[in-house]
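> Predicted model and sequence below, questions to follow.
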Amino acid sequence: MVSLLRLDRGTTFRSCGQGQKWYNINMKILFITLTNIGDAILTTPIIDILHTRFPSAKIFVLCGERAGEIFENDPYVYKIIPYNKKIGLKRKACLVFNLFKQRFDLVVDLRNSLIPYLVFPKRFAVNYGGGKKNIHSVDRSLEVLKKLKLDTKNANLRVVISKQNEKRALEILNEYSLFSKRFICICPGAKSSLKRYPEDSFSSVADNLTQMGFDIVLLGEKSEKHICENILSKMKNKAFDLSGQADLKTSGAVLKKSRLVISNDTALMHLANALNVPVLGIFGPTDAAKYGPRGGKAVVVRSMLNCSPCEKAQCPLGKRQCMESISPEDIINACIFLLNS
């Protein structure tokens, strides 16, 4: 049985002392977010809330080198500080010292690092992984701000696409004469092979959608090009492989032009959701209730198996049945549901 889902929506903090005011008009905030791109996207509502509450504050974002692209061109972000956890002790000490010199008023740390204790802000909030476990990743991150007595009700995912990204996306689409056409994006990659919908099934989905009058665009990183090529080789109809031709934000600009995005649990799925593009997420071993796309323009397709979601790095049964049992017809029906919504 397959399920079609819509998803709607432990912390420690230090005070500066009773009676002391820790915030001011020109305050500085350090936000320490996660390393993986998809995980970082799910933390962007914190930027939204911090700016809403402290509109004049300078918000610094400390994140993994690749995740930094998520926060580029965001007018709410004052500075992005890339961090590589593999750097030596001397460079780490230099980073901490430079952060200390900023004299932050507030540090919000989702990485459970020692940095809040070393840079001596007026106040900090750290997520130690406590509190509610079985809630969406967005809500789990926002638990940190609730401890600071900040209202998180209207928090939204936010990713800003620049005009340069949009221009490059139009150039790519024009190369394939796709600009004026109706097209659907398929994102068949994922870091873990367990999270990938079968290539044969994706090719069948793509062929069915072309027969419905849609063009098909395959998107992904350069490392995922072989997956897209395999899907193309198994298709009966024509499709367009754009994998490896665009960086993350340019891919986002392409997603914005599409009618619908079909994706495994991957960064591009979260990006499409952040950009308010209709998105269909295919889930197997990971928990859609924690990581699935949310909102009126998003649905999740998953198998109703006792073993799913297992949230394991390797399939305990060795069969990948949670992905294999989702038929192309299940995906097509979900597409029709979204397109008609």
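Yes, it's here.

> what number of residues lie near residue 98?
Per other C-beta atoms under 10 Å, the neighbour tally for residue 98 reads 11. C-betas here are computed from N, CA, C, even on glycine.

> Assign it to helix, strand or coil.
Counting by DSSP: H, G, I helix; E, B strand; the rest coil, the backbone at residue 98 sits in helix.

> what separates it from residue 125, distance-wise?
For residue 98, the distance to residue 125 (C-beta to C-beta, to the nearest Å) stands at 21 Å.

> Kindly report the same for residue 296.
Residue 296 sits 31 Å away from residue 125, going by C-beta to C-beta.

> Just the buried positions in the host helix or strand of residue 226, please.
Here residue 226 sits within helix 225-234, counting by DSSP states H and E. For helix 225-234, burial by neighbour count (16 or more other C-beta atoms under 10 Å) applies to 225, 227, 228, 231, 232.

> Dump those to JSON lines, plus pLDDT and distance to residue 110.
Shown next, in JSON lines, are the buried residues of helix 225-234 (pLDDT from 0 to 100; distance: C-beta to C-beta, whole Å):
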{"residue": "225", "pLDDT": "96", "distance to residue 110": "32"}
{"residue": "227", "pLDDT": "97", "distance to residue 110": "31"}
{"residue": "228", "pLDDT": "97", "distance to residue 110": "33"}
{"residue": "231", "pLDDT": "97", "distance to residue 110": "35"}
{"residue": "232", "pLDDT": "97", "distance to residue 110": "39"}
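
> Please enumerate the strands of the stretch 101-250 of the chain.
Taking DSSP state E, counting those that start in this stretch as the criterion, the stretch 101-250 of the chain carries its strands at 106-109, 123-127, 183-187, 215-218, 240-241.

> So for residue 280, which of those strands sits nearest?
Ranking the strands of the stretch 101-250 of the chain by their distance to residue 280 (criterion: C-beta to C-beta) puts strand 183-187 first, at 9.5 Å.

> As PDB, could you dump the C-alpha coordinates of that closest one?
Once non-C-alpha atoms are left out, strand 183-187 reads as follows in PDB (Å, rounded to 0.1, in the frame of the first residue of the first chain):
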ATOM      1  CA  PHE A 183       8.000  21.200 -18.300                       C
ATOM      2  CA  ILE A 184       8.300  19.100 -15.200                       C
ATOM      3  CA  CYS A 185      11.600  18.700 -13.400                       C
ATOM      4  CA  ILE A 186      12.700  15.300 -12.100                       C
ATOM      5  CA  CYS A 187      15.500  15.100  -9.600                       C
END
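
> quick one: which of the strands of the stretch 101-250 of the chain is nearest residue 335?
Of the strands of the stretch 101-250 of the chain, nearest to residue 335 by C-beta to C-beta is strand 183-187, at 7.5 Å.

> what about the closest one, distance to the chain center?
Mean-position distance between strand 183-187 and its chain equals 17 Å (C-alpha atoms, centre = their mean, to the nearest Å).

> got the angle between that strand and helix 225-234?
For strand 183-187 against helix 225-234, the angle between stretch directions is 130 degrees (axes from the mean of the first three to the mean of the last three C-alpha atoms, to 10 degrees).

> Okay, now the sheet partners of strand 183-187, with direction.
Partners of strand 183-187 in the sheet, by DSSP bridges, are strand 215-218 (parallel), strand 260-264 (parallel).

> Just say which of the ones you listed is most tucked in.
strand 260-264 (a mean of 27; mean count of other C-beta atoms under 10 Å).

> re earlier: could you dump the strands paired with strand 183-187 to CSV with distance to residue 284 and mean pLDDT?
Shown next, in CSV, are the strands paired with strand 183-187 (distance: least, C-beta to C-beta, whole Å; pLDDT from 0 to 100):
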stretch, distance to residue 284, mean pLDDT
strand 215-218, 20, 97
strand 260-264, 9, 98
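
> Select, out of those strands, the one closest to residue 39.
Minimum separation from residue 39 across those (C-beta to C-beta) falls at strand 260-264, 15.3 Å.

> can you list contacts of the closest one?
184-190, 195-197, 205, 255, 268-269, 272, 277-282, 331, 335, 338-339 (C-beta atoms under 8 Å, 6 or more residues apart in numbering).

> Which of those fall in helices?
Using DSSP state H, 205, 255, 268, 269, 272, 331, 335, 338, 339 are the members of the contacts of strand 260-264 that sit in helices.

> which residues touch the second one?
When you say that, I think you mean residue 255. Residues counted as contacts of residue 255 (C-beta under 8 Å, 6+ apart) are 185, 219, 261, 268, 271, 272, 275, 277.

> switch the cut-off to 6 Å
185, 261, 272, 277 (C-beta atoms under 6 Å, 6 or more residues apart in numbering).

> Can you list the low-confidence ranges for the stretch 51-200 of the chain?
Applying pLDDT under 70 to the stretch 51-200 of the chain flags the ranges 128-132.
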